[in-house]
Structure formats: C-alpha cells, structure tokens
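> The amino acid sequence is not available; the structure is as follows:
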C-alpha cells in the first residue's frame, strides 16, 4: 500500500531534504524512524528537494508499506521525531500516485526583515541598511510571468533535462517590519527562487536595471546575480495535488 505524509520541518537543523552519506537530512531522519516503528525497510520519496537551511511549512512525501499502517502511527512517529520535524497526516493513496511527479503547483515564500531581530534570525533574511523599492521589484516580478524558460536563474551544473517552468504568481508584499515574496509554479530549478530573490533585491536597491533581467531571460543566458539570498529565508509553503479516488 502507498501512503502520503503531510509534514513540516525547520531546515536549520538539516543538510537539506535528500539523504546524504555523512550528513543529517530530513529524508534520512524520517526513513530511519519509519523503519524502526513499522519494522520493515521504508523508503520515503519527497515532493522535492530543499537545500541546507531551507524550511518547509507544508511538505508532502510518500512511502510504500507491505502491511496497513496502524491507527496510532502518527502519534508514534511524532514521539520519536526531533522537534524540528512535525507530522500532521498520513493517508492512503493510489499505488501509482507520486509525491514529486503528481504535484501540480508548488508555492515558496521568501521572508525579509529590516531590523535586527533574534526571533527571526534563522527563518528570515535581515537586509541590513537596505530599503528596497517594492514597487520597482513588483514591476520586475510581474515580467517573470511572461517567460517559460528560466535558464537565466538556473544554478550552473544542475543538469536538468530542461529549464521550462509554468509560473503562475510572483509578487512582493509588505509585512510588519519587512517584506514577503510569494512565487508559485509547477516546478522550480535548483536555487531558482533564491536567485530570483537576489535579482529582485538588486533591482529594488537600484544595483540592476529591469532591462538587464529581461535581456537575460530573452537570450536565455545566465544572469549575474551579485546578491546571494541566504537559505534560511526560504520556505516551501504549499504543494497542490489532485488526489485520485482510491480504487
């Protein structure tokens, strides 16, 4: 039987989602505990990879199990999990339904604050001595929706089969003491969101012209993003599926 998991995690404690040889990751932590509780080898497939330090507020994954999971599984797994990971739901799906390939839309949020705040230190980017022009940034962000090929924002050496993404939303909003960038697409390239954030911040503080970003997108050439948006400001916010009826 195949089961979906809905969870969240605080990424600062992990070296990303994907299992690695020598580092603690979210996938490894979950697989080890599920294997222990269910007493069989459990492989967990996530809806996507997140880099070291990136958070997930609403994440989905799936696993296959030889026997029906007990009704107490959620409570038992949460008891063993570290405080940085919380499971909210475990439910059966069709055996062919896939957490990664059947996701229709993914939404990320990137949080920025302007004043030093120890309570935001590991989940928002402190833009020290910078006050970006949010109107200018939203002008640039709206132009992203006109493109499908995001080679310009792809990390070098990513080895993706293609760089096409269907983007549905990209906009900044003012928040209490900062700003929030929300972006939704069917898929994202490695480091794409953080590179877009860095680009838009550069535009907002007038270190890059909008025309420079547009030229890069038009010519499908790498964009020279000089401001690196740190991982801890990025949150995988939501993943949308069309769940089929169980057979």
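Right, received. Where do you want to start? Just so we're clear, the structure is a prediction, and the values are computed from it rather than from any experiment.
> State the number of residues packed around residue 99.
22 (other C-beta atoms under 10 Å). Backbone N, C-alpha and C define where each C-beta goes, glycine included.
> Now do the contacts for it.
Contacts for residue 99 were tallied using C-beta atoms under 8 Å, 6 or more residues apart in numbering; they are 4, 45-47, 60-62.
> now swap in residue 7 and tell me
30, 56, 59-61, 85-88.
> tell me the SS of it?
strand (DSSP: H, G, I helix; E, B strand; the rest coil).
> where does it land on pLDDT?
Looking at residue 7, its pLDDT is 97.
> Show me what it is bridged to.
residue 59, residue 87 (DSSP bridges).
> can you tell me how far it sits from residue 236?
Distance, residue 7 to residue 236, using C-beta to C-beta, to the nearest Å: 11 Å.
> Now do the shared contacts for these two.
Taking C-beta under 8 Å, 6+ apart as the criterion, residue 7 and residue 236 both touch 56, 59.
> hang on, the earlier thing: I'd like the contacts of residue 99 laid out as TSV, including pLDDT, neighbour count and distance to residue 105.
What follows is those, written out as TSV (pLDDT from 0 to 100; neighbours: other C-beta atoms under 10 Å; distance: C-beta to C-beta, whole Å):
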residue	pLDDT	neighbour count	distance to residue 105
4	97	19	16
45	97	16	18
46	96	22	16
47	96	24	11
60	97	23	12
61	98	23	17
62	97	19	18
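> So which of the residues you listed are in strands?
Applying DSSP state E to the contacts of residue 99, the entries found in strands are 4, 45-46, 60-62.
> which residues touch the helix or strand harbouring residue 215?
Element membership for residue 215 (DSSP states H and E) is helix 210-219. Identification of contacts with helix 210-219 by C-beta under 8 Å, 6+ apart yields 136, 139-140, 143-144, 147, 149-150, 152, 199, 203, 222-223.
> now stretch 41-52
So stretch 41-52 is contacted by 5, 11, 14-18, 26-27, 30-31, 34-35, 56, 59-65, 98-100, 103, 106, 188, 190-191, 231, 234, 236, 239 (C-beta under 8 Å, 6+ apart).
> just checking, which of those residues belong to helices?
In helices, defined here by DSSP state H, the members of the contacts of stretch 41-52 are 26-27, 30-31, 34-35.
> Tell me both backbone torsions, phi and psi, for residue 198.
Residue 198 adopts backbone torsions of phi -60, psi -40, taken as degrees, to the nearest 10.
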